[in-house]
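Participant: No sequence on hand, only this structure:
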């Protein structure tokens, strides 16, 4: 009986979820746009120098690094919004699957911690 459940979900639900992901992966009109709010240095959090009550809105620099590596390994390349518009117009072909990264609110951590990762 336990074989019918993955992560507490019935096997058919997992199959439906996997099929939906595959459809999205193969649909060239769907482009992921990832939004980042602000960043913390993983070393500062690990040492206790920084405690952030809004952790849900914050990414660690190490998390961004891991996410960027995972995207690259999956064949994604970052495109800017002009390139995205040209992609949808059919006048631009990225070197891989397009993904857009956005950084909102202009926190200095986007420049100080995210830029070196990118």
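Facilitator: Everything's here; your move. This is a predicted model, so every value here is computed, not measured.
Participant: quick one: strands adjacent to the helix or strand hosting residue 59?
Facilitator: According to DSSP states H and E, residue 59 maps onto strand 58-60. Partners of strand 58-60 in the sheet, by DSSP bridges, are strand 38-40 (parallel).
Participant: middle-most residue in this protein, spatially?
Facilitator: residue 34 (4.9 Å; C-alpha atoms, centre = their mean).
Participant: and that one, what element?
Facilitator: Per DSSP H and E: residue 34 is located in strand 33-36.
Participant: quick one: the nearest residue to residue 99 once chain neighbours are set aside from residue 59, how far?
Facilitator: Take residue 99 and drop its neighbours on the chain: the residue closest to it by C-beta to C-beta, 6 or more residues apart in numbering is residue 76, 4.3 Å away. Backbone N, C-alpha and C define where each C-beta goes, glycine included. From residue 76 across to residue 59, the span is 17 Å (C-beta to C-beta, to the nearest Å).
Participant: quick check, residue 62 in a helix?
Facilitator: Yes - according to DSSP: H, G, I helix; E, B strand; the rest coil, the state of residue 62 is that of a helix.
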